[in-house]
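>>> Here's a sequence, model it:
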Amino acid sequence: MEKAQNRIKNMALQASFNAYFANVEQAPPDAIFGIKSMYSKDTDPNKINLSVGAYRDDNGKPYMLDVVRKAEELLVKDNSRNKEYLGIDGHPEFRKLSAKLVFGEDSKALTEGRVCTAQCLSGTGSLRVGFEFLAQFFPRKTVVYSSSPTWGNQNTVAMKAGFQFKSYRYWDAKNRNLDFKGMLQDIEKAPSGSIILLHACAHNPTGVDATPEQWKAIMEVIRKRNHFPFFDSAYQGFATGDLDNDARAIRMFVDAGMQLVVAQSYAKNFGLYGERAGCFHVVCPSKKSATALSSHIKRIIRPMYSNPPKHGAEIVSTVLSDPNLFKRWKEEIKLMSGRIIEMRKVLRDELVRLGTPGKWDHIVSQIGMFSFTGLSRKQCELLIQKHHVYLLYNGRISMAGLNSKNVKRFAKAVDHVVRETE
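Numbers count the residues shown, from 1 in each chain. Prediction:
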């Protein structure tokens, strides 16, 4: 009798547990990974994937940097290594070298000890820690302003940390360029003390960056309105092939004495997509405050993921600390960015040769991994449905997905859908 009662009780408990999630509906797919999934299911041998922001070589294959292979060989031979936990804020040498890469060897903020750095989980993880950090010190009513358009995950991460977000104008759809006037107006109108999220270089998704003179004007408006800058640096070296040039905007703000934070990623410029290597940096008013703020960042990380992974940080540290590997890395960055620049030229020239309606010079004036083509949602849908070309519905394409074997086929597909929808 007692056993039967226990069975009934256990069945009731099991039913109760099942009821918690019985009616949960499926969440909508991620915009990027959902399209990637569609691509994977497509059996057409000539399909083209331009949706995911990951570098591919001219054969359309993932590219592992030569310096990454060499660094891993050195690490394997190092018998002093172990797989113990890193500290909460990560690999000390990795943090030090990463800060120098972003702010420069001669950075006054670094020499004065006014920068605190924590190793985080690549770009998204650095953004998440960054917004959680700012949420501790900014009023809850503070609004985060991001560009329109922007990489979708930025706003989601800010929202998860409790912030509201609004947009400032960025993309001029008519001229397919930067809406600089609109950007300045919106930043100036934002409530004093707002957080302004900025792409350090190779703006995602537009590929349109401000000029040095425009960055200076942006900085002055942010300073005038007492806003707080948050730089997302996901493409240093990958935009122009020059590490220092791609960090120019960040260094300009720091040299002007401004406090700011930076989310840094090594996914693109090292090809360490799956290693989740990145950093979150805070430029502080003093060495004392840097020490204090570092302790708060650790308190955020500890219950979030405890501490970061080791392998990617060791790879980056090995390369950045070895003059020969560092030199070779800069050459490989130049190689990757150069191939993308070449694909831009070939695509633009082919569209011009085909006489495709519209202007296409913006493809070569944009930089970095992405191009904001200006194609409509309908045109993007037709590219997917009729031509097996997978891209985001806002017209963003990953230039790294184009190569000498498929670029003309893509141009022909674009020409077809543009004419079909005229």
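>>> Tell me, how many residues neighbour the nearest residue to residue 90 once chain neighbours are set aside?
Of all residues not flanking residue 90 in the chain, residue 119 sits nearest, at 2.3 Å (C-beta to C-beta, 6 or more residues apart in numbering). From N, CA and C alone the C-beta is placed, and that goes for glycine too. If you count neighbours by other C-beta atoms under 10 Å, residue 119 ends up with 31.
>>> Roughly how far does residue 119 sit from residue 294?
With distances taken as C-beta to C-beta, to the nearest Å, residue 119 is found 12 Å from residue 294.
>>> Which neighbours do those two have in common?
residue 89 (C-beta atoms under 8 Å, 6 or more residues apart in numbering).
>>> which other helices and strands contact the longest helix seen in the chain?
Longest helix of the chain, by residue count under DSSP state H: helix 323-354. Contacts defined by 3 or more C-beta pairs under 8 Å, 6 or more residues apart in numbering; DSSP states H and E place helix 323-354 against helix 66-77, helix 311-321, helix 362-365, helix 407-420.
>>> Let me know which of those helices is tucked in deepest.
helix 311-321 (a mean of 23; mean count of other C-beta atoms under 10 Å).
>>> Could you tell me the angle between that one and helix 66-77?
Helix 311-321 runs at 110 degrees relative to helix 66-77, counting by axes from the mean of the first three to the mean of the last three C-alpha atoms, to 10 degrees.
>>> who does helix 311-321 touch, helix- and strand-wise?
Where contact means 3+ C-beta pairs under 8 Å, 6+ apart, helix 311-321 is packed against helix 66-77, helix 92-103, strand 277-283, helix 323-354.
>>> what's the offset of the shortest one from the middle of its chain?
Strand 277-283 has its C-alpha centroid displaced from the chain centroid by 13 Å (C-alpha atoms, centre = their mean, to the nearest Å).
>>> Could you check it and say which residues are buried?
277-283 (16 or more other C-beta atoms under 10 Å).
>>> could you check the angle strand 277-283 makes with the next helix or strand after that strand?
As assigned by DSSP states H and E, the chain's next helix or strand after strand 277-283 is helix 287-304. Helix 287-304 runs at 140 degrees relative to strand 277-283, counting by the same axes, to 10 degrees.
>>> May I have helix 287-304 exported as CSV, CA atoms only?
Extracted in CSV, the C-alpha atoms of helix 287-304 (Å, rounded to 0.1, in the frame of the first residue of the first chain):
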residue,chain,number,x,y,z
LYS,A,287,45.5,54.7,-10.6
LYS,A,288,43.6,54.3,-7.3
SER,A,289,40.2,54.3,-9.1
ALA,A,290,41.5,51.7,-11.6
THR,A,291,42.3,49.4,-8.7
ALA,A,292,39.0,49.9,-7.1
LEU,A,293,37.0,49.5,-10.3
SER,A,294,38.9,46.3,-11.2
SER,A,295,37.5,44.8,-8.0
HIS,A,296,34.0,45.6,-9.1
ILE,A,297,34.5,44.0,-12.5
LYS,A,298,35.7,40.8,-10.7
ARG,A,299,32.5,40.8,-8.6
ILE,A,300,30.5,40.9,-11.8
ILE,A,301,32.4,38.1,-13.6
ARG,A,302,32.5,35.7,-10.6
PRO,A,303,28.8,34.8,-10.5
MET,A,304,28.4,35.2,-14.3
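>>> Could you list the buried residues of that helix?
For helix 287-304, the neighbour count (16+ other C-beta under 10 Å) marks 290, 293-294, 297, 300-301 as buried.
>>> and of those, the nearest to residue 135?
The nearest member of the buried residues of helix 287-304 to residue 135, counting by C-beta to C-beta, is residue 300 at 9.2 Å.
>>> thinking the closest one is in contact with residue 132, fair?
Yes. If you go by C-beta atoms under 8 Å, residue 300 and residue 132 touch, sitting 4.9 Å apart.
>>> The closest residue in space to residue 380 that isn't next to it in sequence: what secondary structure?
Nearest residue to residue 380, sequence neighbours excluded (C-beta to C-beta, 6+ apart): residue 393, at 4.9 Å. The three-state assignment at residue 393 reads coil, by DSSP: H, G, I helix; E, B strand; the rest coil.
>>> Residue 393: what's it in contact with?
Contacts of residue 393 (C-beta under 8 Å, 6+ apart): 31, 377, 380-381.
>>> Can you turn the buried part of those residues into a ChimeraX selection?
Buried residues within those, by 16+ other C-beta under 10 Å, are selected in ChimeraX with:
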select :380
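>>> can you tell me how far residue 51 sits from residue 390?
Residue 51 is 5 Å from residue 390, by C-beta to C-beta.
>>> For residue 422, give me the pLDDT.
If you check residue 422, the pLDDT there is 81.
>>> separation between the nearest residue to it once chain neighbours are set aside and residue 421?
Excluding the flanking residues, the one nearest residue 422 by C-beta to C-beta, 6+ apart is residue 357, at 6.0 Å. Computed as C-beta to C-beta, the residue 357 to residue 421 distance reads 10 Å.
>>> swap in residue 277?
From residue 277 to residue 421 the distance is 42 Å (C-beta to C-beta).
>>> Tell me who's in contact with residue 214.
Per C-beta under 8 Å, 6+ apart, neighbours of residue 214: 178, 180.
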